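Chemist: prediction below, plus the sequence it came from.
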2 protein chains.
Amino acid sequence: MKIDDLGYFTEQASADIVVARNVDAKDERLKQIMEVVTRKLHEAVKELEPTEKEWFDAIMFLTETGHMCDEWRQEFILLSDVLGVSMLVDAVNHRKSSGASESTVLGPFHVDGAPELPMGANICLDEKGEDILVKGRILDVEGQPIENAVIDVWQANDEGFYDVQQKGIQPDFNLRGVFRTGADGSYWFRAVKPKFYPIPDDGPVGKMLGKLGRHPYRPAHLHYIIKADGFEPLTTHIFDPDDPYINSDAVFGVKQSLLAEFERIEDAARGKELEFGDWFWQVEHNFILAKT
Amino acid sequence: MKIDDLGYFTEQASADIVVARNVDAKDERLKQIMEVVTRKLHEAVKELEPTEKEWFDAIMFLTETGHMCDEWRQEFILLSDVLGVSMLVDAVNHRKSSGASESTVLGPFHVDGAPELPMGANICLDEKGEDILVKGRILDVEGQPIENAVIDVWQANDEGFYDVQQKGIQPDFNLRGVFRTGADGSYWFRAVKPKFYPIPDDGPVGKMLGKLGRHPYRPAHLHYIIKADGFEPLTTHIFDPDDPYINSDAVFGVKQSLLAEFERIEDAARGKELEFGDWFWQVEHNFILAKT
């Protein structure tokens, strides 16, 4: 470390000089975070040697990303997602060794307060898309059913939009629901077969993806948050393995264990029972929770 | 590099997996920038292992920083400044070995279009503060005067605010002016003695400084951008070495070579000539430009 006599800035000791200023921080964790962030930022600048124009372009990119954020749009989460940062944060927080189901990103479209529905309810309120029956069980790592598990599910509609992206077009809480398991740990509900869709790509993050030659699509999936007393909460998706984007999810959310089987069922009688047509899709997937 | 068979995300290979997606980027420089930024971000996450709450706090900090930015406030530049990133970018772009004057940060308060004034003009339009005579010469590295050098100067007023921070309170273009040297390369103008002042600290960056136990003050300084045909432009300050914050500039802008001498002159006759009182301040500083 070479700091000049008066502690003035030098290129060589730049990060040391900045970090030294945080000596009086009351919060040790914040001090640590700022030290690592400062060092990595300075390493990046030294490696890239950005021109002043490139630096200003970066400032403007961050500014536009901030300006894009509002109550219904979180462009910084999107940026974190497409850079794989969200998945990495998920990974370091949910290292699973116990046989529990794997987690994946929350995504920006979860909302609190979705209605709790009776098992079997149809969460599709706009009557668009192909019917699907979704079912499975919530189990512990010994394979025993978990009673009173709360399953919060949400998905995009048949056109690839979540309700909150189409306020006034889709009914409120379209394709969202909360279900609670009984003694057998099983769940089932009716919905529409999910489709691939682009992440919102009309903002700075979408433009960046375009310049990088990357598409903005996420393969078809259903979102789940599953909670039960005495167990680690699980935030995850299930994916359609036949989706054209299954190997290139724009936000890196796919894991092999989250591939589910979407089966086409031709059974007019069963379809009628479900208030579906002569055929429908079915996906069955069990989730295994780790004890806390 | 361990990417699982299908290219799905793994903690270990996280950055490799993300970077591999940029294979089709048309712009090689952008590809390089995103590779370094992605790797450093992932290194920081792996080193810090942020909780999901810490990650979300970071998202909200960036969002609030973006929301603070408008036409007159650039909170991301402020963030870059207080993390020493602006000074580092300045350093890698202006490595001086030739005897030319050193540069420092531009800061967020420069505006284009300040009026060109006759040499000797008083740039103080609000009649507040202690009078100062600012003078010196613009020279090449051989010590020869530079004719037709354009000197763009700006400073905060006696209360520590730039005109653009006090629209409607300060006159437009208060304490800003553009001067052009004659054959002898000399410049002089009248102003007010600068004072230390806080960087705008009512936003997320100011709150962060508070949590880090850092003060928001910049030592007293005058800003200069000096341009002349055939020479590298110079963006710099001169500082008052007697300022209480001279060794702890919130944005790390001070360099030893930019310390000027602020002299108190007791000379009623000269004061009268300058339309000052019986005494005034004087600072003399030469700037040396490198040939392009």
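Modeler: Looks like it came in fine.
Chemist: which residues touch the closest residue to residue A:66 other than its chain neighbours?
Modeler: Nearest residue to residue A:66, sequence neighbours excluded (CB to CB, 6 or more residues apart in numbering or on different chains): residue B:66, at 1.0 Å. All C-beta spots, glycine's among them, are computed from the backbone N, C-alpha and C. Neighbouring residues of residue B:66 by CB atoms under 8 Å, 6 or more residues apart in numbering or on different chains: A:62-67, A:69, A:76, B:75-76.
Chemist: tell me which helix or strand residue B:66 sits in.
Modeler: Assessed by DSSP states H and E, residue B:66 sits inside helix B:52-68.
Chemist: swap in residue A:137?
Modeler: Using DSSP H and E, residue A:137 falls within strand A:131-140.
Chemist: need the CA coordinates for that strand. PDB is fine.
Modeler: Below are the C-alpha coordinates for strand A:131-140, written out as PDB (Å, rounded to 0.1, in the frame of the first residue of the first chain):
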ATOM      1  CA  ASP A 131     -56.100 -25.500 -19.700                       C
ATOM      2  CA  ILE A 132     -53.700 -27.300 -17.400                       C
ATOM      3  CA  LEU A 133     -54.100 -29.300 -14.200                       C
ATOM      4  CA  VAL A 134     -51.200 -28.800 -11.800                       C
ATOM      5  CA  LYS A 135     -50.700 -31.200  -9.000                       C
ATOM      6  CA  GLY A 136     -48.300 -32.900  -6.700                       C
ATOM      7  CA  ARG A 137     -47.300 -33.200  -3.000                       C
ATOM      8  CA  ILE A 138     -45.300 -31.300  -0.500                       C
ATOM      9  CA  LEU A 139     -43.000 -33.700   1.300                       C
ATOM     10  CA  ASP A 140     -40.200 -33.600   3.800                       C
END
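Chemist: and the gap between the closest residue to chain B within chain A and residue A:85?
Modeler: Nearest to chain B in chain A, going by CB to the nearest CB, is residue A:66, at a distance of 1.0 Å. Distance, residue A:66 to residue A:85, using CB to CB, to the nearest Å: 17 Å.
Chemist: could you do residue A:145 as well?
Modeler: As judged by CB to CB, residue A:145 and residue A:85 stand 36 Å apart.
Chemist: looking at the two now, which is surrounded by more residues?
Modeler: Comparing residue A:145 with residue A:85 by other CB atoms under 10 Å in any protein chain shown, the one with more neighbours is residue A:85, at 27 against 16.
Chemist: thinking the more buried one is in contact with residue B:41, fair?
Modeler: Yes. Between residue A:85 and residue B:41 there is a contact under CB atoms under 8 Å: 5.6 Å.
Chemist: residue A:252 and residue A:85 touch, don't they?
Modeler: No. With contacts counted by CB under 8 Å, residue A:252 stays clear of residue A:85, the gap being 9.5 Å.
Chemist: next, count neighbours for residue A:152.
Modeler: 20.
Chemist: actually, residue A:65.
Modeler: Counted with other CB under 10 Å, residue A:65 comes out at 23.
Chemist: circling back: which parts of the helix holding residue B:66 are buried?
Modeler: For helix B:52-68, burial by neighbour count (16 or more other CB atoms under 10 Å in any protein chain shown) applies to B:54-56, B:58-59, B:61-68.
Chemist: which residue ranges form the strands in the stretch 151-292 of chain A?
Modeler: Ranges of strands in the stretch 151-292 of chain A, per DSSP state E, counting those that start in this stretch, are A:176-180, A:186-192, A:197-198, A:217-218, A:221-227, A:234-239, A:262-266, A:279-284, A:287-289.
Chemist: format those strands as a markdown table; extra columns: mean pLDDT, mean neighbour count and distance to residue B:47.
Modeler: Below are the strands of the stretch 151-292 of chain A laid out as a markdown table (pLDDT from 0 to 100; neighbours: other CB atoms under 10 Å in any protein chain shown; distance: least, CB to CB, whole Å):
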| stretch | mean pLDDT | mean neighbour count | distance to residue B:47 |
| --- | --- | --- | --- |
| strand A:176-180 | 98 | 20 | 37 |
| strand A:186-192 | 98 | 20 | 39 |
| strand A:197-198 | 94 | 20 | 33 |
| strand A:217-218 | 96 | 24 | 29 |
| strand A:221-227 | 98 | 22 | 28 |
| strand A:234-239 | 96 | 24 | 24 |
| strand A:262-266 | 97 | 14 | 40 |
| strand A:279-284 | 98 | 18 | 39 |
| strand A:287-289 | 97 | 22 | 30 |
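Chemist: ok, which of those comes nearest residue B:15?
Modeler: Nearest of the strands of the stretch 151-292 of chain A to residue B:15, taken as CB to CB: strand A:217-218 at 20.6 Å.
Chemist: what strands flank the closest one, and is each parallel or antiparallel?
Modeler: strand A:197-198 (antiparallel) (DSSP bridges).
Chemist: rounded mean pLDDT for stretch A:32-44, please.
Modeler: Averaging pLDDT along stretch A:32-44 gives 98.
Chemist: got the CA coordinates for the host helix or strand of residue A:90 in CSV?
Modeler: Assessed by DSSP H and E, residue A:90 sits inside helix A:85-93. Extracted C-alpha coordinates of helix A:85-93, given in CSV (Å, rounded to 0.1, in the frame of the first residue of the first chain):
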residue,chain,number,x,y,z
VAL,A,85,-26.3,-12.1,-9.9
SER,A,86,-29.8,-13.0,-8.6
MET,A,87,-29.2,-16.7,-9.3
LEU,A,88,-25.8,-16.4,-7.5
VAL,A,89,-27.3,-14.7,-4.5
ASP,A,90,-29.9,-17.4,-4.5
ALA,A,91,-27.2,-20.1,-4.7
VAL,A,92,-25.1,-18.8,-1.8
ASN,A,93,-28.2,-18.6,0.4
